[in-house]
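**Q** Test case, fold it:
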Amino acid sequence: ALPNNFGASTANPASAGLTVVPLFHAAWLFAGGVALAQAVWLRPSTLLIALASIAVLCCVAAFRAQRIVWLPLAVLWCLLGVWCAEMEPHPAPAPAVAALSDGLMRTVEGTITHAGPVRGELEPNIDEAASDAPTQRLDLRVSSMEIVNDTEDWQGPAEGGVRLTVRWPENLPAQSDPQAFECGERIRADVRLLPPQVYRDPGAWSRAEYLLDQGITSTASVKIDQVKSLGPVTSRSFACRIADWQQASSARLLALPAAMKRLPAILRLSKEDAVMLAAMVTGDRTYLDHSIRVGFERTGSFHMLVVSGLHLAIVAGCLFWFARSLRLPRVPATLITIAASFAYALFTGFAVPVQRSLLMITLYGLGRLFYRERSPLNTIGFASLCLLVASPRSLFESGL
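**A** Purely as a prediction, here's the structure:
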């Protein structure tokens, strides 16, 4: 225990609260600044002058009036939230691609940045109709597009992201295996690009904004005979390799029902069980159809099918327990747990809930190494503050 003259009993109650969980208070004040920036816009020059003045005031209060130092600190964190929110670049449609997303048939060339698995059916959404034909979702980084006007037709340079849904014929023979496209492959496709449709109802989820966050400006559905490969994959990015590992792991889990046919019925996994297991372990929700989703959505437990903080915490806890069971020293066991948690977070897509959990696990593990008291509020504040500094707009996302 600390001596009385160093404890919180002699300090101002407000400043004592800040001292106990400073990161938690910093996080909610920063979030308040982000929210304030949505309603009030301040000139950057005014903000800089205010930030400099408040910072000087904090230094003066720290030396001359420690009892009220919490007040300028609170204003400083709030202004920092406003500054970060106003300085954050907002995703915008690629001008060249958006201008040519008019529904006309155009030739598009580019490199596949993400290739989903081939599905046997496609559920309806606001952009695509339902279909029983095999389909594959491709994210394409466009390099050139066909430009057509009254006098000429030529292939001009363009930059932007496009999401394609490639369809195979519905009467495809059962024994034939559709040749899937690969991440990193260059292709040429004849498509009719359109901007994503959105519902205008207040508070409705915007698919257009969701796709913009992923760098996607337009979408299109195309038949397999309208897509041509421009050659084999010569180089693969790290993101492509991670996506391949995720899909390979998901495919192994989906193959479990067939491999367990000889087991007693009580020990077998059904197709639905394997789909849910793949979603919970690898983060691959490709095969979660409406019949599986609806029950979880109605009970408010759909987060169980999404790799989130809970899943990463379970993985980290098991890893740390296993490392300690092998009698590894504290430092190696903690560092291995943090490194493995980071690798698993990347493997599952590095979504916002997973980032939050990874930051909390990291702070908790490092705090143990230095024999620090573990404060749940401080840990939550640290994770929230890191996420909000990196992307203030995430304050308005459910994943935060």
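**Q** use CA for all of it now, contacts and neighbours both
**A** OK.
**Q** just so I have it, where are all the strands in the stretch 51-200 of the chain?
**A** Counting by DSSP state E, counting those that start in this stretch, one finds strands in the stretch 51-200 of the chain at the ranges 105-115, 135-148, 153-167, 186-192.
**Q** What's the biggest helix in this structure, counting residues?
**A** Secondary structure assigned by DSSP state H gives helix 44-64 as the longest helix of the chain.
**Q** List the contacts of the residue lying closest to Glu182 once chain neighbours are set aside.
**A** Leaving out its chain neighbours, the residue that sits closest to Glu182 by CA to CA, 6 or more residues apart in numbering is Ala115, at 5.8 Å. Shown in contact with Ala115 (CA atoms under 8 Å, 6 or more residues apart in numbering): 136-139, 181-183.
**Q** quick check, nearest of the residues you listed to Gly120?
**A** Nearest to Gly120 among the contacts of Ala115 is Gln136, at 9.1 Å by CA to CA.
**Q** Surely that closest one is in contact with Val118?
**A** Yes: assessed by CA atoms under 8 Å, Gln136 is found in contact with Val118 at 4.6 Å.
**Q** which secondary structure element contains Asp284?
**A** Using DSSP states H and E, Asp284 maps to neither a helix nor a strand.
**Q** Skipping adjacent residues, who's closest to it in space?
**A** Ala278 is the one closest to Asp284 (CA to CA, 6+ apart), at 6.1 Å.
**Q** Is the one you found within a helix or a strand, and which one?
**A** Using DSSP H and E, Ala278 maps to helix 271-282.
**Q** moving C-terminal of that helix, what's the next helix or strand?
**A** Moving toward the C-terminus from helix 271-282, the next helix or strand (DSSP H and E) is helix 290-298.
**Q** who touches both of Gln136 and Val118?
**A** If you check Gln136 and Val118 against CA under 8 Å, 6+ apart, the residues they both contact are Ala180.
**Q** Rounded mean pLDDT for stretch 364-371, please.
**A** The average pLDDT for stretch 364-371 rounds to 82.
**Q** Which other helices and strands does the longest helix of the chain contact?
**A** Packing partners of helix 44-64 (3 or more CA pairs under 8 Å, 6 or more residues apart in numbering; DSSP states H and E): helix 70-87.
**Q** What about Gly231, how many residues nearby?
**A** 9 (other CA atoms under 10 Å).
**Q** my bad, Gln355
**A** Neighbours around Gln355, by other CA under 10 Å: 24.
**Q** For it, which non-adjacent residue is closest in space?
**A** Leaving aside its chain neighbours, Gln355 sits nearest to Ala345 (7.3 Å; criterion: CA to CA, 6+ apart).
**Q** Retrieve the pLDDT associated with the one you found.
**A** Residue-level pLDDT assigned to Ala345 equals 90.
**Q** Who are the contact partners of the residue nearest to the spatial centre of the chain?
**A** Residue closest to the average C-alpha location in the chain (CA atoms, centre = their mean): Ala351, at 3.0 Å. With contact taken as CA under 8 Å, 6+ apart, Ala351 is in contact with 308, 345.
**Q** From Ser308, how far out is Gly399?
**A** 9 Å (CA to CA, to the nearest Å).
**Q** Now the strands of the stretch 51-200 of the chain in JSON lines, please, with extra columns for mean pLDDT and distance to Ser45.
**A** Listed next are these as JSON lines, based on pLDDT from 0 to 100; distance: least, CA to CA, whole Å:
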{"stretch": "strand 105-115", "mean pLDDT": "91", "distance to Ser45": "39"}
{"stretch": "strand 135-148", "mean pLDDT": "90", "distance to Ser45": "37"}
{"stretch": "strand 153-167", "mean pLDDT": "89", "distance to Ser45": "33"}
{"stretch": "strand 186-192", "mean pLDDT": "93", "distance to Ser45": "45"}
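**Q** With respect to Ala340, which of those lies nearest?
**A** strand 105-115 (24.0 Å).
**Q** ok, which stretches of this protein are helices?
**A** 13-20, 22-39, 44-64, 70-87, 95-99, 207-213, 238-254, 256-259, 271-282, 290-298, 309-325, 330-347, 352-369, 376-390.
**Q** Include distance to Gly160 when you put the ones you listed into CSV, please.
**A** CSV is the format used below for the helices of the chain (distance: least, CA to CA, whole Å):
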stretch, distance to Gly160
helix 13-20, 46
helix 22-39, 28
helix 44-64, 30
helix 70-87, 23
helix 95-99, 6
helix 207-213, 10
helix 238-254, 18
helix 256-259, 39
helix 271-282, 28
helix 290-298, 31
helix 309-325, 32
helix 330-347, 24
helix 352-369, 24
helix 376-390, 23
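**Q** closest to Ala220 out of those?
**A** Of the helices of the chain, the one closest to Ala220 (CA to CA) turns out to be helix 95-99, at 12.2 Å.
**Q** buried stuff in that closest one?
**A** Of all the residues in helix 95-99, those buried under the rule 16 or more other CA atoms under 10 Å are 96-98.
**Q** gap between Val352 and Gly203?
**A** 21 Å.
**Q** Next: Ala180.
**A** From Ala180 across to Gly203, the span is 37 Å (CA to CA).
**Q** what's near enough to touch Leu36?
**A** By CA under 8 Å, 6+ apart, the residues touching Leu36 are Val82.
**Q** Please apply the same query to Ala27.
**A** So Ala27 contacts 381-382, 384-385 (CA under 8 Å, 6+ apart).
**Q** Let's see that with 10 Å instead.
**A** 33, 77-78, 81, 378, 380-389 (CA atoms under 10 Å, 6 or more residues apart in numbering).
**Q** Mark which of those are buried, thanks.
**A** Among the contacts of Ala27, the ones that count as buried by 16+ other CA under 10 Å are 33, 77-78, 81, 378, 380-385, 387-389.
**Q** Pick out whichever of those residues sits closest to Thr234.
**A** Closest to Thr234, out of all of those and judged by CA to CA, is Leu387, at 35.4 Å.
**Q** is it true that that closest one touches Arg356?
**A** Yes: Leu387 lies in contact with Arg356 (CA atoms under 10 Å); the separation is 7.1 Å.
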